[in-house]
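*Asks:* here is my input; please provide its structure:
(4 chains)
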Protein chains: 4
Amino acid sequence: MEKGRLEAFSDGVIAIIITIMVLEMKVPEGANIKSLLPLYPVFLSYILSFIYVGIYWNNHHHTFQAATSVNGAILWANMHLLFWMSLIPIVTGWMGENHFSQWPVLCYGIVLLMNSIAYALMIFALVRHHGKDSLLAKAIGKDQKGTISTILYAVAIALTFVNSYISLALYVLVACIWFIPDRRIESKIVGEEPPCEKSES
Amino acid sequence: MEKGRLEAFSDGVIAIIITIMVLEMKVPEGANIKSLLPLYPVFLSYILSFIYVGIYWNNHHHTFQAATSVNGAILWANMHLLFWMSLIPIVTGWMGENHFSQWPVLCYGIVLLMNSIAYALMIFALVRHHGKDSLLAKAIGKDQKGTISTILYAVAIALTFVNSYISLALYVLVACIWFIPDRRIESKIVGEEPPCEKSES
Amino acid sequence: MEKGRLEAFSDGVIAIIITIMVLEMKVPEGANIKSLLPLYPVFLSYILSFIYVGIYWNNHHHTFQAATSVNGAILWANMHLLFWMSLIPIVTGWMGENHFSQWPVLCYGIVLLMNSIAYALMIFALVRHHGKDSLLAKAIGKDQKGTISTILYAVAIALTFVNSYISLALYVLVACIWFIPDRRIESKIVGEEPPCEKSES
Amino acid sequence: MEKGRLEAFSDGVIAIIITIMVLEMKVPEGANIKSLLPLYPVFLSYILSFIYVGIYWNNHHHTFQAATSVNGAILWANMHLLFWMSLIPIVTGWMGENHFSQWPVLCYGIVLLMNSIAYALMIFALVRHHGKDSLLAKAIGKDQKGTISTILYAVAIALTFVNSYISLALYVLVACIWFIPDRRIESKIVGEEPPCEKSES
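*Replies:* From the prediction side, this is the model:
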């Protein structure tokens, strides 16, 4: 089964998710500079979520570049990931509007945790479809970054009962870990592709 | 006529439909965990509709993979399907906000029924265009799943006058029937394509 | 300059326009069947606009299939068309909410008129770029349908001062004229392309 | 790394940005022609922003046509640009609703300034990736237009403390400078590509 339409559909959904988050920031009521002040926590949570969705898009892009085809299980694992991504705008808005208080920060963490689990499931389905000796399986390797983030999200969720700003700092930390796109796959592909293929892309 | 732009346009519309449904879930007003409680029926109906739209996208993907070209009738049959799909978010929100009471569940069923009829019409247009001996016609076969779902929707609509939760259970049942992507087409294509084509996709 | 990205961008914008119109239909407040009643004029105007946007997408699809490349003038003529199309959702909502009264029906007509003028300008830019002897120029011919619709829109706008339902009937009439996709281009392309190209699409 | 998905994703985000701006224009409350009057400043600011987003899309299209591949830095520079573009709808709505008063016009200018800086950073990442002797680097040259606009935005922001209409006039001026798509790249590509490639696009 072709991977093109799955990529196009995912691009569409992720593009909409990243853009509708901005709709949570309501146009300020007054014309004064002070009327912008209440927006700043929403703006900060928008920046964080924009980076997260950007990271997911980048990793999705890299992972599927190593894929050669897809099957039904991958289609649904991808749909499952998009479901949890689609919840990012609502928890982003809730967290920002409530100035990073406990429950919204906890729910934000749960949505991030479910996203990381959904991504791991998608990678599992991809590796099973391509085989353990495939380029994709080698490129992904042990996925240590994925495991570390999942653990950090779980820790962050627990820590909201202590201080929600510590949890927020952990979300920022995970974002920093992922900020650099997945060079593992990139380097493997470049290494194995013939040079004539590179100029074509 | 090329099928590429029809697929791209449908992908765009379906991606937007699946994502704007989340806009029906308003950001909770309080910062407390209790303020999430009123969201749960909206959340449940969002999950159901997300799966339904996912199923339609998967089947659309599979059906058009077997298509070689499109004509004016197929373009409009597809547009007709997208029209009924575009009504899913509004009935989803209405059903969730009213805790699955009779009329919203009935209207949800009507929209699902019209979607299944629109899909059947689109398949009819595709088969007429490709011919009865085409790969596509063979792959689709008698479309028993489609007929069964249409009947189940009609039964579910009638049963809202008895108990709307029975109707809801039937919608979930139909979703389960369709959850597995259309292997009929997948297997036929794989069977007839030369192996060198597979690695290309 | 490639036409691919222009088509993809236009597809994206048109897909969003056709889908956000449904957001103008607010989720009904009650759970009763009677709470759907106030929605019917909005629903009717949604159907009309959905068909119009569908027609524009179909014609856009057909016109650009005959195009071989684009230039800066075509890019901006296309952007100008998308601008007027983007106003369709707002006039649709206004017309529906006010039960097809004079001024909303008049504004709806102006937006349709500007769309038809913008489309004519885009075709003009395309023909000038491809040359008068090109396949595209021959396929479009005298564009009688476009001229007739522009005149009918102008008449409909004037008639809102008599009775807005006559204007509405004229909008429906123009939609019927355009409903069948532009066979002129389709037949010309099929006629001139070698048969081996057809199976590729 | 392929540039295709980056272009597709950017197209998606830009298409959504240009279309959701229209959602800031609320459906007028009355059915009278007078109820349209309060919309005119929002409409004017919508036109200006539509042209700006159109310019960015055109330039993005032209710049990436000269690119042969992308790397991680380009992906993030592009994401950074999309972030600042995503803020255009909110400042557009704020500026229009407050009749071009000082602070909204100033914020609109800051968003435009950040967009021009983000675009310059993206070009910098592209040139560094392709090399100073590449077609892309030659095509872009010294990017005088970019530098002039960045200076004009800064001047316009300062002038909001004198008169916000002067700033608005400067924004319109910059839009006029950019209105014509970047012919530098277009001409270079056409000049260096073999003629057989042109008919393919």
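*Asks:* report the contact partners of the closest residue to A:Ile20 other than its chain neighbours.
*Replies:* The shortest distance from A:Ile20 to any residue that is not its chain neighbour, by Cβ to Cβ, 6 or more residues apart in numbering or on different chains, is 5.5 Å, and that residue is A:Pro89. Glycine gets a C-beta too; all of them are placed from N, C-alpha and C. Residues near A:Pro89 by Cβ atoms under 8 Å, 6 or more residues apart in numbering or on different chains: A:17, A:20-21, A:23-24, A:49, B:22.
*Asks:* ok, now with 7 Å
*Replies:* When contacts are counted by Cβ atoms under 7 Å, 6 or more residues apart in numbering or on different chains, A:Pro89 touches A:17, A:20-21, A:24, B:22.
*Asks:* export the helix or strand containing it as CSV, just CAs?
*Replies:* Remark: A:Pro89 resides in helix A:88-97, with elements defined by DSSP states H and E. Taking only C-alpha atoms (Å, rounded to 0.1, in the frame of the first residue of the first chain), the coordinates of helix A:88-97 have been written out as CSV:
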residue,chain,number,x,y,z
ILE,A,88,-3.2,19.2,22.2
PRO,A,89,-5.0,22.5,21.2
ILE,A,90,-7.7,22.0,23.9
VAL,A,91,-5.3,21.2,26.8
THR,A,92,-3.0,24.0,25.6
GLY,A,93,-5.8,26.6,25.8
TRP,A,94,-6.9,25.2,29.2
MET,A,95,-3.4,25.3,30.6
GLY,A,96,-2.8,28.8,29.4
GLU,A,97,-6.1,30.3,30.6
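*Asks:* what is the mean pLDDT for it?
*Replies:* Helix A:88-97 shows a mean pLDDT of 92.
*Asks:* ok so, going back, for the contacts of A:Pro89, give me JSON lines that also has distance to C:Trp178 and pLDDT.
*Replies:* As requested, these are exported to JSON lines (distance: Cβ to Cβ, whole Å; pLDDT from 0 to 100):
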{"residue": "A:Ile17", "distance to C:Trp178": "34", "pLDDT": "93"}
{"residue": "A:Ile20", "distance to C:Trp178": "32", "pLDDT": "87"}
{"residue": "A:Met21", "distance to C:Trp178": "37", "pLDDT": "88"}
{"residue": "A:Glu24", "distance to C:Trp178": "38", "pLDDT": "80"}
{"residue": "B:Val22", "distance to C:Trp178": "34", "pLDDT": "87"}
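*Asks:* nearest to C:Val111 among the residues you listed?
*Replies:* Using Cβ to Cβ, the shortest approach to C:Val111 within the contacts of A:Pro89 belongs to A:Ile20, at 24.8 Å.
*Asks:* which helix in chain A has the most residues?
*Replies:* Looking across chain A with DSSP state H, the single longest helix is helix A:102-130.
*Asks:* which strands or helices does it pack on?
*Replies:* In terms of contact count using 3 or more Cβ pairs under 7 Å, 6 or more residues apart in numbering or on different chains; DSSP states H and E, helix A:102-130 is assigned the packing partners helix A:40-66, helix A:72-86, helix A:88-97, helix A:135-140, helix A:144-159, helix A:164-179.
*Asks:* how much space between the residue lying closest to A:Ile123 once chain neighbours are set aside and chain D?
*Replies:* Taking Cβ to Cβ, 6+ apart as the measure, A:Ile123 lies nearest to A:Ile140, with 6.0 Å between them; neighbours along the chain are not counted. When distance is defined by Cβ to the nearest Cβ, to the nearest Å, A:Ile140 is 16 Å away from chain D.
*Asks:* repeat that for A:Ala175.
*Replies:* Relative to chain D, A:Ala175 is positioned 12 Å away (Cβ to the nearest Cβ).
*Asks:* in this structure that residue contacts A:Ile51, no?
*Replies:* Yes - A:Ala175 is within contact range of A:Ile51, at 5.2 Å (criterion: Cβ atoms under 7 Å).
*Asks:* what residues does chain A put near chain C?
*Replies:* Of all the residues in chain A, not one is in contact range of chain C (Cβ under 7 Å from any Cβ of the partner chain).
*Asks:* and the residue of chain A closest to chain D?
*Replies:* Residue of chain A nearest chain D, by Cβ to the nearest Cβ: A:Ala15 (3.2 Å).
*Asks:* circling back to that earlier point, okay, now the residue nearest to A:Ile123: neighbour count?
*Replies:* Under the neighbour criterion other Cβ atoms under 10 Å in any protein chain shown, A:Ile140 is assigned a count of 22.
*Asks:* same question, A:Phe50
*Replies:* A count of nearby residues for A:Phe50, using other Cβ under 10 Å, gives 21.
*Asks:* list the contacts of it.
*Replies:* Taking Cβ under 7 Å, 6+ apart as the contact definition, A:Phe50 lies against A:18, A:21, D:83.
*Asks:* ok, 10 Å please
*Replies:* For A:Phe50, the residues meeting the contact criterion (Cβ atoms under 10 Å, 6 or more residues apart in numbering or on different chains) are A:18-19, A:21-22, A:88, A:92, D:79-80, D:82-83, D:86.
*Asks:* hmm, back to that, which among the contacts of A:Pro89 end up buried?
*Replies:* Judged by neighbour count, with 16 or more other Cβ atoms under 10 Å in any protein chain shown as the criterion, the buried members of the contacts of A:Pro89 are A:17, A:20-21, A:24, B:22.
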